[in-house]
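Peer 1: Whatever this is, show me its structure:
(chains A and B)
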Amino acid sequence: MMNDIKDWYRSGLPFVWLNAAAVSASIIMVLGLLILIAVRGLSHFWPHTVYEMTYHWGGQDEVIIGEIHDQELVTVQQLRDAGIQLDTEDEIVTRYLIKMGNRDVYGVDFRNVVKPLIMAREVPGDIVVLERHEYGNFYGFLKNVKQSGQVIASGEASWEALQPLLERVYRLYDEIKEIEKSEIGSVNYRIERLRLKERGLELDGKKTPEAVVELDAARAALQGEYRVLEQRLVELYTEIKRDSLTAEVQNGQVVEIPLDKIVKAYRPNTMGLFAKIGFYIGKLWEFVSDEPREANTEGGIFPAIYGTVIMVLVMSVMVTPLGIIAAVYLREYAKEGPLVRMIHIAVNNLAGVPSIVYGVFGLGFFVYFLGGNLDQLFYPEALPSPTFGTPGLMWASLTLALLTLPVVIVSTEEGLARIPSSIREGSLALGATKAETLWRTILPMASPAMMTGLILAVARAAGEVAPLMLVGVVKLAPSLPLDGNFPFLHLDRKFMHLGFHIYDVGFQSPNVEAARPLVYATALLLVLVIILLNITSITIRNHLREKYRALEQ
Amino acid sequence: METSSAALSKLIPGPDEPIAKRRRAWRTFKDVLAHYSIGIGGISVIFSVVLIFFYLAYVVLPLFKSAHIEPLVEYNLSEGITGRTLFLGVEELAEVGFQVTDQGVIRYFQAENGSEIDRVDLPLGESQITSLAVGRLDSGVMALGLSDGRGLLVQQVFKVSFPNDVRTITPSALYPLGEEPMVIDEEGRPLVKLALSNNEDGSILLAAITEDGAVVYNSIMVEESMLGDNEITSTTGILPVMATRPVDVSVSGDQRWLFVADEAGAIAMFDVSEPDEPMLVDQQNATAVGQSITRLRMLMGGISLLVGYSDGIVAQWFPARDENGHYYLARVRDFDAGDAAIQFIEPEQQRKGFVTLDAAGHLAVHSSTAHRTVLERDLGRQEIMEISVSPRANRILILPEDGYLQVLDVENEHPDTSFSALWQKVWYESWEKPEYVWQSSAANQDFEPKYSLMPLAFGTLKAAFYAMLFAVPLAIMGAIYTAYFMAPKMRSYVKPTIEIMEALPTVILGFLAGLWLAPFFESHLPGIAIMLVLLPVGVLVFAYAWHRMPQKIRWLVPDGWAALLLVPVVGFLAWLSFAISLPVEELFFGGNMRSWITNDLGIDFDQRNSIVIGFALGFAVIPTIFSITEDAIFGVPKHLTNGSLALGATPWQTLTRVVLLSASPGIFSAIMIGLGRGVGETMIVLMATGNTPIMDMNIFEGMRTLAANIAVEMPESEVGSTHYRILFLAAVVLFTFTFILNTAAELIRQRLRKKYASL
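Peer 2: Residues are numbered from 1 along each chain as shown, chains lettered A, B, ... in the order given. Now for the predicted structure:
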């Protein structure tokens, strides 16, 4: 036995196994991380069971209504150190984090409870969950429903009576949002452009009386439009405020909730599996298509997705030509020598410089230096408020273009290197110039490799946050960078970004606990997009390798 | 046949036809154009790296430029005024100046030419002005000491208005305590030296030396009464008689300390927080042989006392605490301000800087925190009556005895930085001893900015160190197995997995580390330790057991798939480690390891600590190191390994003696690139540490790194300010560090590639 172990040790096999374990550990970490994000991110949208518990706390029983948000094992000693007195034989107990909602009623919406102190746990079917525009979820029992202050249904019948009223409120709400966001936004935008035009004329010394009359007429027309919209808004607001409901919360208190505050109402405990699945899909759709609510801790992340996509597109337009030209130079034109070595060093450094340094550079050089000068030259009418002299979409894209340049270069270079030289020689032998060879044969053949590079660059840019924090990303952008107002693409606007959204909601939010599931969901979306992009590029690359290997034979 | 060839020659023009020549020229032109534009495109990559570096350096450079001074104008200020000028001042924009004469007149004049704007006669009655002191610099309040032992407070107010769109500054003088002077010396002796401190809460402390050498003071409190008018309470006091005659007196900004310098060269520090019972706290002999004290002034903020000596030295002193918590007067640093006796010390109003002038006319501008004399200049004249520094410290006014006022333009943007302030220990005001501190801003204006990059650089290296501790063994071992032992089929799955690991956004890693891993580790502290032991031991035990298995089972998993076999084993061991964590905690650490660490071991514990950083940042660094190492090992020419194996070496021997040896430069460069990534990573550190700039290797505490610091502070720093430029400096430090690492790594790899090619 001992000899056997000795031999085994001498053969070096234990070390091989340890090395193999390192690979296994890495794989487990990657998979574990993905599963963790997926489970936490996806479970958030499921309509969880709402419990009614009797909790023995401070010498008396109280009722807690809420869903189980999280659970963990703790030692009784830790609880005792935290000042919780427990009468139990166990040394390790389960602690639940209960989401009680009703922040406006209790002041807090989460509570830790310890399992041994839960005296009873029930699942009443008639618990209503209301998602609201403010103060988070509401949990309670529906008492009655009022229309214009008159009770129209109470008790059992109120749930049914509530549905048509809610439908009406949702419709009105959508209409209000439409007017406020797009129509009034558009009028305001045009009025602002008129003001800038007037100021521009003034600066050029061309502010003639005729021009002023024209501007005033245009402005009067817009203001007329604005008044009509405003009138309509006032009407809608009185309409939407008509109905309300009353409900009882866990401590017996009865509260009245106006219906216009409600986003969604459901009774999770009576829902069947299919209803739950339907609800789940609806919530998922809401998550990707809706605007955020309540300081980004509820609602959707549509503006962040939109901002990320637009930023990445603008960046691609800038990084692709530059990266490809540099790679073509390195592979097709430059001769081996110190210059090529220097360029390689430069590319590696561009790849290795910390991203925050790009942010600092972008802020100083692009925003303040280039942007400041652009404003002086082209946008003097808007000064002193800056147009391009402030962080925005254009500078963010440009900064990230610089950051992802090496990715495109390296990938394109690899693609070019794999093209057999016989193809080049054939083309040259037929009398094509070098440029024609490049344009007609090499680049088309290398285009999948360029695509790979671009996809990787996009994946990198979608996940990069540190430099963006300095050059244009904000937690809440008032308007989208691409909209229906001329000139449609607003390169000077600030925008929202998925990665920054994760940072901001996870760490700057006033109610981290409530925001956490949404952060997981956002992270899941981002990870999925990035993995998808990476797998695509890996597949293209492998496919390409096979193809060129076949060509060489 | 003939027709077709004729048609062809029509279609394809012959080589000498003009159209063919034109086409050829055009093609050549396009070729050359492509050549040059692509060349420019290639070189632009170098250009962008150089541009980044030089732009960053360009922003940083002004930090280290020395100050400039230029004479602006000179004019006669003595016209139309009699008597000596006791005080000279200018308002914020340095457009309107004023002088206070011993005849009790305040005269306001245009700073550019000296023409009079207004004059005010002070309500002094019969008494004469015998001394003058200024209070809080931004309040515009000064006190006049009178020949009858009383003092008058005067406040200068400059109102800015825009009548007819022209900016007009209207000066006026107010009397915060009324036009009737306050009694300071109850015996009515003339006050020859005066010191004043006034605070925003309405408290005022006036201290004075009388003609016969007594030190008297008056502590005044102004409170708004119920009826809306001011209610003034005042308490006068007198210090015990001193052995030697006092020469100058000063009071601290918080009105707790009263400093008296005497003829013998000692400085006494009294606690006058109870005005009725002054207490001598410390007395220091502040002079060397042959030296005497000529001047006392408080630095901006009223904490530091600047002492001018007869031989041109200026020393900064402030009350500090010793180990027992007792206050003493500490001599913090000396400035060489000239060769003759220091005649004037003028503190700047918005920074911890000051201007000195000695009796020989040697002017110097200093910064106290940076311990730096930024400017020195001989005025070429002596007998100076009064000098003044404008509130923004961009003008110095010098009034010689002959009345010809000199206005100097000062360009001194960033005096607060110096090598010592950035990289060495600095004794900051009110601190017990010199320390490395990063604290760039605070709520109050009197704040002394603390720009030591040391804690940040330390934090950066600390984070990188723990990350490398976790990542290097895992990545290199993994790469060795993948490149050398793994089956090609499995390798084609593992490599993309690692690539995806590299592509995971760091913001997600940081978020998980901060919100999931940190609390998890905190509640499962023993689990980490158990895992460190259990994992390798468990794997070895399993490996041996596998080795002893009957061949039938062993053949189920072919060679090179061991890593897959180990996935469930490692997963189980990790799970087991954390599953038994709570019972172990219960058994050995009294059920709460965290409190055991803090209370029994006495080690500070943060939830977001270096263990979390090690894991999260290590996770981000592993794929970088893994890929490059794997490439280097895989690239080792096969005939080397085959030769070794043929000679009878085991695969492990071949690996350690042949493969690793020839791949070692590649592995080394992998580690360097990984280190570069760890040093510059921002989001993980930002989210998974508490971001406190401490200098402590403690694994249970966090850190603040250069990169995270930039991300936190850059958005709120004012463009062009010292803080902004220092953040750029931090970026330059990061850039340079990673540049060196990356360049070295790339050079090594280039050489290695050449070596492999030649083999």
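
Peer 1: which strands and helices sit next to the helix or strand that B:E499 is a member of?
Peer 2: Following DSSP states H and E, the helix or strand that holds B:E499 is helix B:488-503. Judged by 3 or more CB pairs under 8 Å, 6 or more residues apart in numbering or on different chains; DSSP states H and E, the packing partners of helix B:488-503 are helix A:13-43, helix A:443-463, helix A:512-552, helix B:562-579, helix B:610-634. No exception for glycine: its C-beta is placed from N, CA and C like everyone else's.

Peer 1: and B:S440, which of those is closest to it?
Peer 2: Among those, the nearest to B:S440 by CB to CB is helix B:610-634 (22.5 Å).

Peer 1: Count the residues that sit near B:P123.
Peer 2: 13 (other CB atoms under 10 Å in any protein chain shown).

Peer 1: Quick test: name the residue nearest the centre of chain A.
Peer 2: In chain A, the residue lying closest to the centroid (CA atoms, centre = their mean) is A:L498, at 2.9 Å.

Peer 1: Which residues are in contact with it?
Peer 2: By CB atoms under 8 Å, 6 or more residues apart in numbering or on different chains, the contact list for A:L498 reads A:I301, A:A304, A:I305, A:T308, A:A462, A:T522, A:L525, A:L526.

Peer 1: Weed out the non-buried ones from the residues you listed.
Peer 2: Among those, the ones that count as buried by 16 or more other CB atoms under 10 Å in any protein chain shown are A:I301, A:A304, A:I305, A:T308, A:A462, A:T522, A:L525, A:L526.

Peer 1: any chance of those in TSV, plus distance to chain B and pLDDT?
Peer 2: Below are the buried ones among the contacts of A:L498 laid out as TSV (distance: CB to the nearest CB, whole Å; pLDDT from 0 to 100):
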residue	distance to chain B	pLDDT
A:I301	14	91
A:A304	12	93
A:I305	15	93
A:T308	11	93
A:A462	7	90
A:T522	9	93
A:L525	11	93
A:L526	6	93
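
Peer 1: on that earlier part again, ok, so of the contacts of A:L498, who is nearest B:I106?
Peer 2: Closest approach to B:I106 among these (CB to CB): A:A304, at 61.3 Å.

Peer 1: Give me the phi and psi for that closest one.
Peer 2: Dihedral pair for A:A304: phi -70, psi -40, per degrees, to the nearest 10.

Peer 1: That one touches A:Y503, doesn't it?
Peer 2: No. Between A:A304 and A:Y503 there is no contact under CB atoms under 8 Å: 11.3 Å.

Peer 1: Spell out, range by range, the strands that occur in chain A.
Peer 2: Listed in chain order, the strands found in chain A under DSSP state E are A:51-57, A:60-75, A:92-99, A:110-114, A:118-122, A:127-132, A:138-147, A:150-154, A:243-248, A:254-258, A:262-266, A:292-293, A:298-299.

Peer 1: helices or strands up against the longest strand along chain B?
Peer 2: Using DSSP E, we find that the single longest strand of chain B is strand B:150-161. For strand B:150-161, the packing partners by 3+ CB pairs under 8 Å, 6+ apart come out as strand B:96-101, strand B:141-146, strand B:168-174, strand B:182-183, strand B:191-198, strand B:203-210.

Peer 1: In the stretch 101-250 of chain B, what residue comes closest to chain A?
Peer 2: Relative to chain A, the nearest point of the stretch 101-250 of chain B is B:D165 (15.9 Å; CB to the nearest CB).

Peer 1: count of neighbours near that residue?
Peer 2: For B:D165, the count of nearby residues is 5 (other CB under 10 Å).

Peer 1: where does it land on pLDDT?
Peer 2: Looking at B:D165, its pLDDT stands at 77.

Peer 1: Also B:A6?
Peer 2: pLDDT at B:A6 comes out at 62.

Peer 1: got a list of what the residue of the stretch 101-250 of chain A found nearest chain B touches?
Peer 2: Per CB to the nearest CB, A:N112 is where the stretch 101-250 of chain A lies closest to chain B, at 12.8 Å. Residues in contact with A:N112 (CB under 8 Å, 6+ apart) are A:R95, A:Y96, A:L97, A:I98.

Peer 1: who wins for most neighbours among those?
Peer 2: A:I98 (23 neighbours).

Peer 1: Now do the closest residue to chain B within the stretch 451-553 of chain A: how many residues are near it, please.
Peer 2: Here the stretch 451-553 of chain A gets closest to chain B at one residue, A:G463, 2.7 Å apart by CB to the nearest CB. By the criterion of other CB under 10 Å, A:G463 has 25 neighbours.

Peer 1: How about A:E513?
Peer 2: With other CB under 10 Å as criterion, A:E513 counts 16.

Peer 1: Look up the closest residue to it, ignoring the ones flanking it.
Peer 2: Sequence neighbours aside, A:F110 is the residue nearest to A:E513 in space, at 4.9 Å (criterion: CB to CB, 6 or more residues apart in numbering or on different chains).

Peer 1: again with B:S172
Peer 2: B:S172 sits nearest to B:V157 (CB to CB, 6+ apart), 5.2 Å away.

Peer 1: what's the burial count for A:W46?
Peer 2: By other CB under 10 Å, 13 other residues sit near A:W46.

Peer 1: again, but for A:R341
Peer 2: Residues contacting A:R341 under the criterion other CB under 10 Å number 13.

Peer 1: now the helices: where do they sit in the stretch 251-400 of chain A?
Peer 2: A:273-289, A:302-328, A:338-352, A:355-361, A:372-378, A:393-418 (DSSP state H, counting those that start in this stretch).

Peer 1: does chain B sit close to stretch A:340-360?
Peer 2: Yes. Using CB under 8 Å from any CB of the partner chain, stretch A:340-360 reaches chain B at A:341-360.

Peer 1: can you check stretch A:536-551 too?
Peer 2: Yes. Stretch A:536-551 lies within reach of chain B by CB under 8 Å from any CB, at A:I538.

Peer 1: Could I get the buried residue list for that stretch?
Peer 2: So stretch A:536-551, judged by 16+ other CB under 10 Å, has buried residues A:S537, A:I538, A:I540, A:R541, A:L544, A:Y548.

Peer 1: Excluding covalently adjacent residues, which one is nearest to B:N394?
Peer 2: Using CB to CB, 6+ apart, the closest residue to B:N394 is B:V410 (5.5 Å).

Peer 1: no wait, A:Q250
Peer 2: Nearest to A:Q250 is A:I65, by CB to CB, 6+ apart, at 4.2 Å.

Peer 1: Mind listing the residues bridging to the residue at minimal distance from the centre of chain B?
Peer 2: Most central in chain B under CA atoms, centre = their mean is B:Y451, positioned 2.7 Å from the mean C-alpha point. Applying DSSP bridges to B:Y451 gives these bridge partners: B:W438.

Peer 1: isn't it right up against B:L727?
Peer 2: No. Contact criterion CB under 8 Å: B:Y451 and B:L727 do not qualify, at 9.8 Å.

Peer 1: Report the set of residues contacting both of the two.
Peer 2: Residues touching both B:Y451 and B:L727 (CB under 8 Å, 6+ apart): none.

Peer 1: Go ahead and confirm A:V254 touches A:E248.
Peer 2: Yes. A:V254 lies in contact with A:E248 (CB under 8 Å); the separation is 5.1 Å.

Peer 1: Of the residues of stretch A:340-360 next to chain B, just the buried ones, ChimeraX syntax please.
Peer 2: A single ChimeraX command selects the buried members of those (16+ other CB under 10 Å):
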select /A:343,344,345,346,347,348,349,350,351,352,353,354,355,356,357,358,359,360
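
Peer 1: With distance to A:L162 added, can I get the helices and strands packed on helix B:488-503 in JSON lines?
Peer 2: Formatted as JSON lines, the helices and strands packed on helix B:488-503 follow (distance: least, CB to CB, whole Å):
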{"stretch": "helix A:13-43", "distance to A:L162": "27"}
{"stretch": "helix A:443-463", "distance to A:L162": "42"}
{"stretch": "helix A:512-552", "distance to A:L162": "25"}
{"stretch": "helix B:562-579", "distance to A:L162": "47"}
{"stretch": "helix B:610-634", "distance to A:L162": "47"}
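
Peer 1: Please name whichever of the ones you listed is nearest to A:L476.
Peer 2: Checking the helices and strands packed on helix B:488-503 against A:L476 by CB to CB gives helix A:512-552 as the closest, at 13.7 Å.
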